[in-house]
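Visitor: Pasting the sequence and the predicted coordinates here, then a few questions.
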Amino acid sequence: MSRHGTLRRRTAGALVAALLAGAVLPVPGAGATPRADATADDGAWVVRETRIDARTIDLEIRSPALGITPGLVRLLTPQGWSKGDGRTWPVLYLLHGCCDIADYKAWTEYTDVEQFTEDKPALIVMPTAGRIGMYSDWWNFGLYGSPSWATFHMTEVRQILERGYGAGTRRAIAGLSMGAYGAMEYASRYPGMFGAAAAYSGAIDVLAPGIPEVTQANLVAQGFPLWGGLWGDPLLQRARWEDHNPALKVDSLRGTQLYVSCGNGVPGPLDTGLIPPAVGALIESNALVNTLLFVDRLRARNIPATIDLYGAGTHTWPYWQFALHRSWPVLASGMGI
C-alpha cells in the first residue's frame, strides 16, 4: 500500500472498528478477580481487551500508576502468535509524539506499520503516553503520584505483556518527537532493558537553550498551566531535569544499538500537508539543532550510533514512517531477529 493509501485508511479503520464493536472481550469485568498471569506486581490489570482485526488488539489497563487515567495500549501481534500458548516473542515499543489526539493509535492511523511488520516476528507495542506525558513519572510539586508514565510503561505494561501476551525479554524501542525523547530516556534510565533504541525528530536534550520554555508552553497548551508539575523548575530543581535528560546520561546508552534521525525542516518529497508546512518546517529545524547536540555528546563519549540526517523533510508522519523503515535493521538486531 502507498504512503498516501495508508493515510486514507483512517476513515476505513473507523468503519472497521465500529463493525467490530461486538468483538470487545470482557477480560474480567468490574468486580471480577484479575487473571494472575496478566497482572502487574502493583495490581495493574487488563479490564478490557478489544480485537480490532486479525493482528490488532487494544488493551485497557486499570493502572495504579495513572490513577483515574485509562491505561491504553495497542498491540500488533506477529504471525503465529496465540495468546497463552507459552511462546514468547521479541518486542518493539513504538512511542507517539506530543499533542496527537490519535495517541496510542497514531502509528497505525498514520503509517504503514501494520503492513510493514506483517512478516516481522515481533510483538509491536504502542502505549498511550497522554497528550504530553513526557514519558516520565511526574514530580507534581513534590507530591509525586499519578501520572507516573514511566512506571506504567516500564513496569505495568511490560509485566502484563510478559505474563499474559507472549512478550519476551529481547526488546527495542523507537519514537518520534516526544516519543524520540521517550525512547532515549527509557533506554538510558533502564540500561540493558533494550537492545536497540531509535529517535526520530526528537528534542532529546531537554536542557538545551529554549527547550524548558517550549516544554512549558506545550504543557500550558495541553491544560497544565502551573510551572513545575513535570520535573519542577529547571533552575530550582535542576538536578531533577538533569536526571531526566538523556543527553547527560549517554554513558548509560553504551551497549545499546542506537539510531538517531532528523530532517532539516526544508519541505521534501514526502510532505503531504498533515501539518502546515511552515509549522512542520520550524519544528523540524529546531529538532535538528537539538539532535545535533545529542549526537555531539554521543561522539564525545565514543558511543556508537547510526546517525541519519537525511536532509529535506519536515516534522510530519511520512518522514517517521520512512525513518522506521530505515532503522528497522538496527531495531531488529537489537531484538535478536
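Guide: Perfect, thanks for sending it. Quick caveat: nothing in here was measured; it's all calculated off a predicted structure.
Visitor: Please name the nearest non-neighbouring residue to residue 290.
Guide: The spatial neighbour of residue 290 that comes closest, neighbours along the chain excluded (C-beta to C-beta, 6 or more residues apart in numbering), is residue 203 at 4.5 Å. For every residue, glycine as well, the C-beta is placed using N, CA and C.
Visitor: Return the distance of the one you found relative to residue 81.
Guide: 35 Å (C-beta to C-beta, to the nearest Å).
Visitor: who's more crowded, these two?
Guide: Neighbours were tallied for residue 203 and for residue 81 using other C-beta atoms under 10 Å; the higher tally belongs to residue 203 (25 against 18).
Visitor: Pretty sure that one sits against residue 287.
Guide: Yes: assessed by C-beta atoms under 8 Å, residue 203 is found in contact with residue 287 at 6.0 Å.
Visitor: Now do the shared contacts for those two.
Guide: Shared contacts of residue 203 and residue 287, defined by C-beta atoms under 8 Å, 6 or more residues apart in numbering, comprise residue 177.
Visitor: Pop out the phi and psi values for residue 69.
Guide: When read as degrees, to the nearest 10, the backbone of residue 69 gives phi -70, psi 130.
Visitor: residue contacts, it?
Guide: Residue 69 neighbours (C-beta under 8 Å, 6+ apart): 63, 130, 146, 147.
Visitor: List the contacts of the second one.
Guide: Contacts for residue 130 (C-beta under 8 Å, 6+ apart) come out as 69, 103, 147, 149.
Visitor: Give me the neighbour count for the nearest residue to the last one once chain neighbours are set aside.
Guide: Across the structure, with C-beta to C-beta, 6+ apart as the measure, the residue nearest residue 149 apart from its sequence neighbours is residue 133 (4.2 Å). Around residue 133 there are 26 other residues, counting by other C-beta under 10 Å.
Visitor: repeat for residue 67
Guide: 11.
Visitor: just residue 142 next, same as before
Guide: Neighbour tally, residue 142, other C-beta under 10 Å: 8.
Visitor: After the helix ranked longest in the chain, heading C-terminal, what element do we hit next?
Guide: Across the chain, the helix with the greatest residue count (assigned by DSSP state H) is helix 277-300. Proceeding N to C from helix 277-300, the next assigned helix or strand is strand 306-311, under DSSP states H and E.
Visitor: Remind me what that next one packs against, helices and strands.
Guide: When contacts are defined as 3 or more C-beta pairs under 8 Å, 6 or more residues apart in numbering; DSSP states H and E, strand 306-311 packs onto strand 257-263, helix 277-300, helix 317-335.
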